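# The sequence and its predicted three-dimensional model are supplied below.
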Amino acid sequence: MQPLLGYMRRYRWGYVWGTLSCVVTNIIWVQFPAVLGNAVNRIEHGTTHKEVLLLAGLLVLISLAKGIFLYTQRWVLIGISRDIELDLRNDLFRKLEQQDSGFYQRYRTGDIMARMTNDLNAVRMLLGPGLMYSANTIFLSVFAMFFMIRISPYLTLVALAPMPLASILVQYFGSRIHSRFERIQASFSDISAQAQENYSGARLVRAFAREESEISIFERLNREYIRRSLRLVQLMGMLWPTLEFVLGISMIITLLVGGHLVISGRINVGEFVAFNTYMILLIWPIIAVGWVINIFERGTASVKRIDELLHAEPSIDDRAADSSIGHDTVLKGEIEFRHLNFSYGDTPVLRDISLRIPAGSSLAIVGPTGCGKSTLVNLISRIYDAPEGALLIDGRPVRDYPLDVLRRNIGMVPQETFLFSETIRENLAFGAPQATQEDLLEAAEAAHIRQEFEEFPQGFQTMVGERGVTLSGGQKQRSAIARALVRRPAILILDDALASVDTYTEERILGGLHRFTASSTTILISHRVSTVRNADQIAVLDHGRIVELGRHEELLALDGYYASLFQKQQLEEELTVAG
């Protein structure tokens, strides 16, 4: 419960009113057996019809008042649990939005979704029904025992003698419920992850005819989830009947010992009826103990899983940022790498990178797959963190800039294009909500996609489906380029962003980019010489090092990797034309 105390303090006055309502509810309700016992005594010794009606009316009034305050406590306490659930979900989403890419390599999407849904629901049950029924159980038990002791301390003692056994049972079953529920939640995360991956990769599953295999895997995970759930149900099925058995023993003792006390004249019939009614009132609290224990063990297991996400600190943050840099700062776009080395764990990726990219110029990066091209540009936007002092923007270390300032000045088109399940317009304006329709049209024109969008039946209001499923690969890439251009960024990064378009479309896009980003620093990653040949600088990466650097003609003269790549692609084009 410790991680939830901060949330509970926000609603402390609500908990105060809910607790007061709970106290009043039970104070009223414990009057019912006393009035009933008094009525029995009066009837036994003779009374009038009017007095019987008054006593009956009093019982109805007690039930009505109890119902009003019961409704109040439920409305307040259950309402608070919903409010805390809302706060938790918002805080979790905010925390997830702040995490770096490494976090999403450690946690599967399905696991995160399970914690955001199933675990949050368990926490809500803990903070709402769990606390409410716990309070009701405690107050009703205390108040009922007070009146029972007033009737007969001896009868109360022997009637409640089996209760320590109930406490032992609760402790025994509670620890096992907790461990079993933790395993159930882990299993539910596996199911969620498997389902999410299959829904996202539905095309690939069908392409490789893996439907039956994936169904078999999901069925196995589902059966394991059911098996673990049934084991918990079996445990709960043993707990409640056992508690009811203990209560039954108490009722038998009450009947035998209480009947003897009535016969011996130590208590009257009305008191015996009232005492038995108090015992009946305790039936639900004792049974509820099992249900509350179940809620608490589920809830505390889920709190642990949620708290793990809430306390996951991103490895990339703003703690070293310069507070003097204003929120609306516009970068010039000069980038400099100074003897930069970078590794993923113990695996070196970039080695001794020294490179200066003047503001407003263009840099193209080529090289074999896995040489570190994407890693290099990801350091600029701090997807990964460069070593201290190894990367400067506008002459200042990149860590001086708050993340929102830095990334707002960068337009990035990653290798893997992602579009939201929204309209084309909303996707293009994702990074620039203030963009006008004219801004969107200009960016779409520069990305050579405007005409195709306008030919759609609903134009820019066309829904693109999840991950842009209704668009072709080339249309998705050009949409991503337009989305980056709408921001009119100081730094534009295109990470193999033209791989899915033909050479004619590529040439049109490059021409549009040149006009649209004349004042931007542009970085192009590509395997095509046709894409990079007009760049101000071309860097060739191999095994994490810059092995060639210069303009197109200069690199051809070196007769190295770049010249070889150029010759191969020229030959391919000639063969294509000839064939």
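Nice, I can see it. Residues are numbered from 1 along each chain as shown.
# in the stretch 201-350 of the chain, what spans have low per-residue confidence?
Scanning the stretch 201-350 of the chain for pLDDT under 70 picks out the ranges 203, 207-208, 287, 290.
# Spell out the residue ranges of the helices in it.
202-207, 211-263, 269-281, 283-310 (DSSP state H, counting those that start in this stretch).
# out of those, which comes closest to Val377?
helix 202-207 (26.8 Å; CB to CB). Placement of C-beta: from N, CA and C, glycine included.
# quick one: which of the helices of the stretch 201-350 of the chain is nearest Leu524?
Closest to Leu524 of the helices of the stretch 201-350 of the chain is helix 202-207 (CB to CB; 28.6 Å).
# Let's have the helices of the stretch 201-350 of the chain in TSV, adding distance to Phe188 and mean neighbour count.
Shown next, in TSV, are the helices of the stretch 201-350 of the chain (distance: least, CB to CB, whole Å; neighbours: other CB atoms under 10 Å):
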stretch	distance to Phe188	mean neighbour count
helix 202-207	22	12
helix 211-263	6	15
helix 269-281	37	21
helix 283-310	10	20
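# Run through the residues that contact Ala186.
Ala186 is in contact with no residue at all, counting by CB atoms under 8 Å, 6 or more residues apart in numbering.
# The helix or strand it falls within: which residues count as buried?
Using DSSP states H and E, Ala186 maps to helix 163-200. Buried positions in helix 163-200, judged by neighbour count with 16 or more other CB atoms under 10 Å: 166, 169-170, 173-174, 177-178, 180-185, 187-198.
# Check stretch 534-543 too.
Going by 16+ other CB under 10 Å, stretch 534-543 has these buried residues: 535, 537-541.
# Confidence-wise, which of those residues comes last?
Within the buried residues of stretch 534-543, pLDDT reaches its minimum at Ala535, with 88.
# which residue packs closest to that residue, ignoring adjacent ones?
Take Ala535 and drop its neighbours on the chain: the residue closest to it by CB to CB, 6 or more residues apart in numbering is Ala364, 3.7 Å away.
# Repeat that for Arg515.
Ranked by CB to CB, 6+ apart and with sequence neighbours excluded, the top spatial neighbour of Arg515 is Ala446, at 7.0 Å.
# Over to Ile306?
Looking at Ile306 with CB to CB, 6+ apart, the closest residue is Asp119, at 5.4 Å.
# May I ask you to confirm that the one you found is in contact with Ser302?
Yes - judged on CB atoms under 8 Å, Asp119 makes contact with Ser302 at a distance of 3.8 Å.
# Now for the two: what residues contact both?
Taking CB under 8 Å, 6+ apart as the criterion, Asp119 and Ser302 both touch Gln185.
# Got the domain ranges for this protein?
2-310, 329-409+490-579, 416-488 (automatic domain parsing).
# got CSV for those, with distance to Asp322 too?
Compiled in CSV, the domains of the chain are given as follows (distance: least, CB to CB, whole Å):
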stretch, distance to Asp322
domain 2-310, 19
domain 329-409+490-579, 4
domain 416-488, 23
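# could you say what helices and strands the helix or strand where the residue nearest to Ala535 lies packs with?
Using DSSP H and E, Ala364 sits within strand 362-366. In terms of contacts (3 or more CB pairs under 8 Å, 6 or more residues apart in numbering; DSSP states H and E), strand 362-366 is packed against helix 373-380, strand 521-525, helix 529-532, strand 537-542, helix 561-578.
# make it 7 Å
strand 521-525, strand 537-542 (3 or more CB pairs under 7 Å, 6 or more residues apart in numbering; DSSP states H and E).
# CSV for the ones you listed, including distance to Pro162?
As requested, the helices and strands packed on strand 362-366 are exported to CSV (distance: least, CB to CB, whole Å):
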stretch, distance to Pro162
strand 521-525, 75
strand 537-542, 77
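# for the stretch 1-150 of the chain, which spans come out with low pLDDT?
Counting by pLDDT under 70, the stretch 1-150 of the chain contains low-confidence residues at 1, 46-47.
# show me where it has helices.
Going by DSSP H, counting those that start in this stretch, the stretch 1-150 of the chain shows helices at 5-10, 12-29, 31-45, 49-98, 101-106, 109-114, 120-125, 131-151.
# how about those, which one is nearest Cys371?
Of all these, helix 101-106 sits nearest to Cys371, with 19.4 Å by CB to CB.
# Quick check: Asp495 vs His311, distance?
32 Å (CB to CB, to the nearest Å).
# which one of those two has more residues nearby?
Taking neighbours as other CB atoms under 10 Å, Asp495 and His311 compare with Asp495 leading, 20 against 9.
# Next, the contact list for the more buried one, please.
374, 377, 413-415, 525 (CB atoms under 7 Å, 6 or more residues apart in numbering).
# now do 8 Å
373-374, 377, 412-415, 525 are the contacts of Asp495 under CB under 8 Å, 6+ apart.
# Just the buried ones out of those residues, please.
Buried among those by 16+ other CB under 10 Å: 373-374, 377, 412-414, 525.
# Out of the residues you listed, flag the one nearest to Gln98.
Out of the buried ones among the contacts of Asp495, the member with the shortest distance to Gln98 (by CB to CB) is Met412, at 18.0 Å.
# backbone phi and psi for the closest one, please?
Main-chain dihedrals, Met412, degrees, to the nearest 10: phi -120, psi 130.
# just checking, it touches Leu485?
No - counting by CB under 8 Å, Met412 does not reach Leu485; the two are 11.3 Å apart.
# Which neighbours do the two have in common?
Common neighbours of Met412 and Leu485 (criterion: CB under 8 Å, 6+ apart): Leu492.
# hang on, the earlier thing: between the domains of the chain, which gets nearest to Ala321?
The nearest among the domains of the chain, by CB to CB, is domain 329-409+490-579 at 4.4 Å.
# Just the buried residues of stretch 140-160, please?
Buried residues in stretch 140-160, counted by 16+ other CB under 10 Å: 140-141, 143-145, 147-148, 151-152, 155-156, 158-160.
# out of the helices and strands packed on strand 362-366, nearest to Leu131?
strand 521-525 (55.3 Å).
# Indicate each strand paired with the closest one and its parallel or antiparallel sense.
strand 362-366 (parallel), strand 491-495 (parallel) (DSSP bridges).
# Just give the nearest non-adjacent residue to Asp502, would you?
Gly474 (7.8 Å).
# OK, contacts around the one you found?
Shown in contact with Gly474 (CB under 8 Å, 6+ apart): 500-502, 505.
# Done for today, thanks.
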